[in-house]
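1. sequence and predicted structure below; questions after.
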Amino acid sequence: MTNEHRQSMRAFLAIADEASSLTRIADRVDPVHEIAAWLSLLDGRGPLVFENVAGHAMAVTGNHLTTRAQAARALGVETDGLQARLVDAVRSPLAPRVVAGPAPCQEVVVPDPDLAALPIPVFFEHETGPYISAGAIVARDTVSGRGNLSIARLKPLGANRALIGIAPNHHLSQLARAARARGDRLEIAVSLGNHPALLLAACFYLGLGDDELEVAGALFGEPLEVAPCRSVGLAVPAHCELVLEGVLDPDETVEEGPVSEFHGMYERYGAGHVVTFSQMTRRRDAVFQCVLPGYAGEHVLLGAEAIAAGLRQSLDRALPSVREVAVTAGGAGRLHAVVSLEGAREGAARRAIFAVWAAVSLVKQVTVVDGDVDPWDPVAVEHAVATRMRPERDLIVVSGVQADRAEPLEKDGLVGKLGIDATAFASDRSDWTRARPPEAVLARVRERIARQLRDSGTATPGRPRS
Ligand SMILES: Cc1cc2nc3c(=O)[nH]c(=O)nc-3n(C[C@H](O)[C@H](O)[C@H](O)COP(=O)(O)O)c2cc1C
C-alpha cells in the first residue's frame with residue numbers, strides 16, 4: 001500500500017507501479033519532440049515517468065489513462081461500471097474541503113515564475129512551441145461565486161506569460177468574457193500533476209456554474225481537499241504537483257499558429273488570449289505531468305469518457321431505455337457516439353439520435369444498437385450494423401448543421417450528420433435467435449476453464465464472447 005495521499009497523482013502512480021504497469025524511462029530524453037515520441041510509441045502500455053529530461057531537474061510523466069481499463073482501475077471500479085461511476089458523481093457532487101496548514105503543492109513558492117524553467121514538451125513537428133497540456137484550470141464566476149475546472153492548452157510566450165487556447169463555447173471562455181464585460185481580468189490557477197479523477201472531472205460538459213471540483217470529490221467518494229491560492233482568490237487541489245496562479249486578459253491576444261487537435265490534424269484557430277502568472281507554487285520534488293495531445297490515447301479517452309457519461313445523463317431524461325453510451329476511439333473520442341437501448345420501441349433509436357446531436361455539438365455520427373450489444377466494442381457494433389441495419393430505411397443524413405470549430409470536415413461553418421439505427425426490427429426476420437451452445441452448458445464450461453487457469457497459475461480469462 002502506498003503512503004501517498006489518495007487524491008494525489010503520486011498515489012495513482014504508486015498503484016500503477018505496484019501493478020507493474022508503470023514504466024520508468026532512465027534514458028536522457030529531450031523535451032523537444034522526444035517525450036512526445038516515447039508517449040506516442042508506448043501509447044496504451046501504462047503510465048510513463050521520464051526521470052532524466054535534458055536541461056531540467058524535474059521529471060515528466062504522461063500516458064496515465066490510455067485505456068478504459070486503466071481509467072476504471074484509477075477510480076476503483078470494474079470497466080463495466082465506469083460509466084455508472086461517472087454519472088453518479090455528476091449527480092451527487094461534493095463540496096471541496098479546505099486543508100488545514102500548508103498544502104503539499106505549496107512547499108516552494110516562486111514569484112514571477114519563468115515558464116522556461118519547466119520541462120514543458122514540444123510535442124509535434126509543426127506546432128510553434130512547447131505546450132502545457134495537462135493543466136486543470138480553476139476559475140470562478142465572481143458574481144455567482146461558482147467555480148469551474150477545465151483543461152486548456154497553454155503555450156509559453158517568454159518569462160511569466162503564456163497564450164491560452166480556449167474554444168469560445170467553453171465555460172472558461174464565457175467566464176473570461178463576463179469578467180471583461182465587468183471591466184475585470186479573470187483570475188485563474190493552473191493545477192498540474194493531478195490524479196486521473198480530477199482530469200476526468202475537468203472534461204465534463206456540465207451547466208455553466210456547475211463546479212467540476214465538486215464532481216472530482218464525488219469521484220473520490222470524499223470532498224476534494226483544496227488549498228487557498230496565495231495571489232488569487234481561488235482554491236486548488238491541495239495534492240497536485242505544481243500550481244501557476246495568474247490572470248487571463250481577454251483584451252490581449254496573440255496569434256497561435258498551427259496547433260494539433262484531438263482528430264489528429266492541425267487546426268489554425270488564429271489568436272488566443274494571454275495569461276500572466278504572478279506566482280508558482282510547487283512540491284519540492286514536483287513531477288511535471290503532460291497529456292500527449294492530438295489523436296493519442298489519453299487525450300481521446302479523457303474527452304470520450306466525460307462526453308459519454310454526460311450524454312448518458314441527458315439521454316436518460318429523453319428516453320427510459322438507455323443502457324450505455326459510448327464515444328468511440330475511432331471517432332477520436334468526440335465525433336462518433338454509440339447508444340445501446342434496452343427493449344427499444346420503434347422510433348426510440350431516432351429519438352436517441354436527435355437527443356445526442358442536441359446535447360453535444362461535436363458529435364457527428366450516432367449509431368444506436370440494442371441492449372445486447374456492447375457499444376464500446378467496435379466489432380460488436382459493426383456486427384449489429386451488418387445484421388440489423390437496412391440503409392434504405394435506417395440511415396438519417398442531415399446536411400448543413402452548424403459545426404463545432406474543431407470539426408475536421410467543417411466547411412463554411414457547417415457539417416453533415418449521420419444517424420444509424422442498427423436496432424433489430426421484428427419485421428426483418430422471423431427468427432433472431434443467436435446460434436450458440438445452451439446457456440447452462442456455457443456456464444458450466446466457463447467455470448471449468450476458470451478453475452483450470454487458476455490451478456495452472458494463469459490469469460483469469462477475459463469475458464468469453466458468447
Ligand atoms: C488533454 C486535453 C486538452 C484539452 N485542451 C483544450 C484546449 O486547449 N482548449 C479547449 O478549449 N479545450 C480543451 N480541452 C477540452 C476541455 O477541457 C473540455 O471541453 C472541458 O469540458 C471544457 O470545460 P468548460 O466548458 O467548463 O470550460 C482539452 C481536453 C483535454 C482532455
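-> Right, received. Where do you want to start?

2. contacts, neighbours, all on C-alpha from now
-> Will do.

3. what helix or strand is the closest residue to the ligand within the stretch 1-150 of the chain located in?
-> Closest to the ligand within the stretch 1-150 of the chain is residue 150: 4.3 Å, counting by Cα to the nearest ligand atom. Per DSSP states H and E, residue 150 falls inside strand 147-151.

4. skip ahead from that strand and say which helix or strand is next.
-> Following strand 147-151 in sequence, per DSSP H and E, is strand 153-158.

5. which SSE is immediately downstream of that following strand?
-> Downstream of strand 153-158 (by DSSP H and E), the next one is strand 161-165.

6. ok, back up a step: next, the angle strand 161-165 makes with the strand holding residue 150.
-> Angle of strand 147-151 versus strand 161-165, following axes from the mean of the first three to the mean of the last three Cα atoms, to 10 degrees, is 90 degrees.

7. show the average pLDDT along strand 147-151.
-> Strand 147-151 carries an average pLDDT of 96.

8. thinking again about what came up before, quick one, what contacts the residue of the stretch 1-150 of the chain closest to the ligand?
-> By Cα atoms under 8 Å, 6 or more residues apart in numbering, the residues touching residue 150 are 136, 137, 138, 172, 202, 203, 212.

9. near the ligand, from those?
-> 172, 202, 203 (Cα under 6 Å from any ligand atom).

10. thinking the second one is in contact with residue 136, fair?
-> Just to be clear, that refers to residue 202. Yes. Residue 202 lies in contact with residue 136 (Cα atoms under 8 Å); the separation is 6.6 Å.

11. who touches both of the two?
-> 149, 150, 151.

12. the first one against residue 210, yeah?
-> If I follow you right, that is residue 149. No. The criterion here is Cα under 8 Å, and residue 149 misses it with residue 210 at 9.4 Å.

13. now, the contacts of residue 150 that are in strands?
-> Using DSSP state E, the members of the contacts of residue 150 that fall within strands are 136, 137, 138.

14. rounded mean pLDDT for the one helix or strand residue 298 maps to, please.
-> Element membership for residue 298 (DSSP H and E) is helix 297-318. Mean pLDDT, helix 297-318: 96.

15. could you export that helix as CSV, CA atoms only?
-> Taking Å, rounded to 0.1, in the frame of the first residue of the first chain, the C-alpha atoms of helix 297-318 are listed here in CSV:
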residue,chain,number,x,y,z
GLY,A,297,-4.9,7.5,-26.3
GLU,A,298,-5.2,9.7,-23.2
HIS,A,299,-6.4,12.8,-25.0
VAL,A,300,-9.1,10.8,-26.8
LEU,A,301,-10.1,8.8,-23.7
LEU,A,302,-10.4,11.8,-21.3
GLY,A,303,-12.9,13.5,-23.6
ALA,A,304,-14.7,10.4,-24.7
GLU,A,305,-15.5,9.2,-21.1
ALA,A,306,-16.7,12.6,-20.0
ILE,A,307,-18.8,13.2,-23.1
ALA,A,308,-20.2,9.7,-23.0
ALA,A,309,-21.2,10.0,-19.3
GLY,A,310,-22.7,13.4,-20.0
LEU,A,311,-24.7,12.0,-22.9
ARG,A,312,-25.9,9.1,-20.8
GLN,A,313,-27.2,11.6,-18.3
SER,A,314,-29.0,13.8,-20.9
LEU,A,315,-30.4,10.7,-22.8
ASP,A,316,-31.8,9.3,-19.5
ARG,A,317,-34.0,12.4,-19.5
ALA,A,318,-35.2,11.8,-23.1
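
16. is that helix positioned near the ligand?
-> Yes. For a cut-off given as Cα under 6 Å from any ligand atom, helix 297-318 has contacts with the ligand, namely 299, 302, 303.

17. show residues contacting that helix.
-> Contacts for helix 297-318 (Cα under 8 Å, 6+ apart): 43-44, 63-68, 83-84, 86-87, 199-201, 203-206, 262, 291-293, 322, 324-329, 332-334, 337, 351-352, 355-356, 359-360.

18. try stretch 2-14
-> 15, 22, 47, 74, 193-196, 220, 224-225, 239-241.

19. then stretch 199-212?
-> So stretch 199-212 is contacted by 134, 136, 141, 144, 146-151, 171, 213, 215-216, 302-303, 305-307, 310 (Cα under 8 Å, 6+ apart).

20. report the buried members of these.
-> 134, 136, 141, 147-151, 171, 213, 215-216, 302-303, 305-307, 310 (16 or more other Cα atoms under 10 Å).

21. get me the contact residues on the chain for the ligand.
-> 133-134, 148-153, 165-167, 170-172, 202-205, 291, 293, 299, 302-303.

22. domain ranges for this structure?
-> Domains of the chain are assigned by automatic domain parsing as 9-296, 298-428, 436-466.

23. pretty sure residue 72 contacts residue 84?
-> No. Contact criterion Cα under 8 Å: residue 72 and residue 84 do not qualify, at 10.7 Å.

24. any idea how far residue 52 is from residue 30?
-> 9 Å (Cα to Cα, to the nearest Å).

25. likewise for residue 38?
-> When residue 38 is compared with residue 30 (using Cα to Cα), they lie 10 Å apart.

26. for residue 49, same thing?
-> 13 Å.

27. could you do residue 252 as well?
-> Residue 252 is 32 Å from residue 30, by Cα to Cα.

28. more neighbours: the two, which one.
-> More neighbours surround residue 30 than the other of residue 252 and residue 30, with 18 against 12 (other Cα atoms under 10 Å).

29. which residue sits closest to the more buried one, ignoring its sequence neighbours?
-> residue 54 (5.2 Å; Cα to Cα, 6 or more residues apart in numbering).

30. contacts only, for the one you found.
-> 28, 29, 30, 31.

31. whichever of the residues you listed end up buried, select them in ChimeraX.
-> Listed next is the ChimeraX selection for buried residues among the contacts of residue 54, using 16+ other Cα under 10 Å:
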select :29,30,31
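
32. closest to residue 399 among the contacts of residue 54?
-> The closest of the contacts of residue 54 to residue 399 turns out to be residue 31 (Cα to Cα; 43.2 Å).

33. give me the phi and psi for the closest one.
-> Main-chain torsions, residue 31, degrees, to the nearest 10: phi -60, psi -20.

34. got a list of what it touches?
-> 53, 54, 119, 120, 121, 122.

35. and the residue of the chain positioned farthest from its centre, what's its pLDDT?
-> Distance to the chain centre peaks in the chain at residue 430, reaching 43.0 Å (criterion: Cα atoms, centre = their mean). Looking at residue 430, its pLDDT reads 93.

36. doesn't it lie inside a helix?
-> No. Assigned with DSSP: H, G, I helix; E, B strand; the rest coil, residue 430 falls outside any helix and is coil.

37. and the closest residue in space to residue 149 that isn't next to it in sequence, how many neighbours does it have?
-> With sequence-adjacent residues excluded and distances taken as Cα to Cα, 6+ apart, residue 149 is closest to residue 138, at 4.7 Å. For residue 138, the count of nearby residues is 25 (other Cα under 10 Å).
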